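Participant: Using only what follows, build the 3D model:
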Amino acid sequence: MTIDRKKLLITVLLAVSFGVLYRHVITKLVADWWNDDNYSHGFLIVPIALYFAWERRHRFFAAANRPSPLGLVVVIGSIAVLMLGILGSELFLTRISIIGTLVGSVLFLFGWQRLRILAFPLAFLLLMIPLPAIIFNQIAFPLQLLASRAGEFTLRSVDIPVLREGNVLILANTKLEVAEACSGIRSLVSLLTLGIVLGYFTDQRAWVRTLIALSTIPVAIVANGGRVAGTGIAAHSFGAAAAEGFFHEFSGMVVFIVAFAMLMALQQALVRLVPPSEPHRQLELS
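Facilitator: Numbers count the residues shown, from 1 in each chain. Take a look at the predicted model:
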């Protein structure tokens, strides 16, 4: 048996072991993507990460192949984290150990140089993992208050009487509660994913990609504040029913499209203000 065949056999064995070890974790993770609208974008993360990895295949195989035993230590540590998560019923630990196991496996089989080449696709997989509830709530509540304040400011600007109590907007004919689902965190997580992908495909400069990704935070906040204000205006003009049902859901889709358009406008502005030193390829970045 040649060395290549041995490495292929080890890779297959690791892949099978990974599937057996994480089958329940992955099943529950997919179920959360399906049932939780905050993380429905998770279905796109793995295919996109695989594309990023495939795109790097020439650099990957051209790099020196120097397996590192430290990778085995990382794998063992990640499995320990998995066991702790299972024993403590902590889903986040079981899921984050997936990334650690993948990183350790690449390091063990191929070494540091090849791991660095796959670092971005592996890091991108973090977006598929739901945040722990304690962190999610710490982010969601301030976003609820920001959206409420933005809605209040906009409604007052168009001479609509409104009283805000925390995350509740009191109008003359109804009350609007900016619930967790309306905090904007759903669009923020999805928009962050799209912002990373947009920056990746449109510019090779790391600082531009980082700026586009970070800009998703204020863009999502502004866009969601506009949604709350629009809902308030509709409720004031047409009654409480206008803020519910189809209009509420449809406004969420419209706001997300508008937010993504704002990101694209920012990207175009950056290209015009600071043109890249050499042309880049839109769909085939190394």
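
Participant: those helices in the stretch 1-150 of the chain, which residues are they?
Facilitator: Ranges of helices in the stretch 1-150 of the chain, per DSSP state H, counting those that start in this stretch, are 3-35, 42-55, 57-62, 70-87, 91-110, 112-117, 119-124, 133-157.

Participant: can you list those helices in CSV and add mean neighbour count, distance to Arg205 and mean pLDDT?
Facilitator: All C-beta spots, glycine's among them, are computed from the backbone N, C-alpha and C. Formatted as CSV, those follow (neighbours: other CB atoms under 10 Å; distance: least, CB to CB, whole Å; pLDDT from 0 to 100):
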stretch, mean neighbour count, distance to Arg205, mean pLDDT
helix 3-35, 13, 32, 82
helix 42-55, 16, 17, 92
helix 57-62, 12, 18, 92
helix 70-87, 16, 31, 92
helix 91-110, 21, 26, 92
helix 112-117, 18, 19, 94
helix 119-124, 17, 14, 94
helix 133-157, 17, 28, 80
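
Participant: Excluding sequence neighbours, find me the nearest residue to Thr210.
Facilitator: Using CB to CB, 6 or more residues apart in numbering and skipping the chain neighbours, the partner closest in space to Thr210 is Gly199 (7.6 Å).

Participant: Quick check: Leu118 touching Ala53?
Facilitator: Yes - Leu118 lies in contact with Ala53 (CB atoms under 8 Å); the separation is 5.8 Å.

Participant: got any residues that touch both of the two?
Facilitator: Phe60 (CB atoms under 8 Å, 6 or more residues apart in numbering).

Participant: Got the confidence number for Ala179?
Facilitator: pLDDT for Ala179: 64.

Participant: Cys120 - nearest residue in space that isn't next to it in sequence?
Facilitator: Residue 120: Phe, not Cys. Phe52 (6.1 Å).

Participant: For that neighbour, give me its contacts.
Facilitator: 120-121, 124, 200.

Participant: What of Glu152?
Facilitator: Glu152 neighbours (CB under 8 Å, 6+ apart): 162, 164, 169.

Participant: Can you report phi and psi for the first one?
Facilitator: Spelled out, it's Val162. phi -150, psi 140 (degrees, to the nearest 10).

Participant: ok, Gly151 - contacts?
Facilitator: Neighbours of Gly151 in contact, by CB under 8 Å, 6+ apart: 162, 169, 176, 178, 225, 228-229, 231-232.

Participant: roughly how far apart are Thr193 and Met264?
Facilitator: From Thr193 across to Met264, the span is 15 Å (CB to CB, to the nearest Å).

Participant: So if I had to pick from the two, which one is more boxed in?
Facilitator: Thr193 (20 against 14; other CB atoms under 10 Å).

Participant: The more buried one: helix or strand, and which one exactly?
Facilitator: According to DSSP states H and E, Thr193 maps onto helix 185-202.

Participant: how far out from the middle of the chain is that helix?
Facilitator: Relative to the centre of its chain, helix 185-202 is centred 7 Å away, using CA atoms, centre = their mean, to the nearest Å.

Participant: Whichever helix or strand comes after it to helix 185-202, inter-axis angle?
Facilitator: Using DSSP H and E, the next helix or strand after helix 185-202 towards the C-terminus is helix 206-238. Counting by axes from the mean of the first three to the mean of the last three CA atoms, to 10 degrees, helix 206-238 points 140 degrees away from the direction of helix 185-202.

Participant: Please identify the buried residues of helix 206-238?
Facilitator: Across helix 206-238, burial judged by 16 or more other CB atoms under 10 Å covers 208-209, 211-213, 215-216, 219-236.

Participant: Report all helices and strands that that helix contacts.
Facilitator: On a contact count with 3 or more CB pairs under 8 Å, 6 or more residues apart in numbering; DSSP states H and E, helix 206-238 meets helix 133-157, strand 175-177, helix 185-202, helix 245-273.
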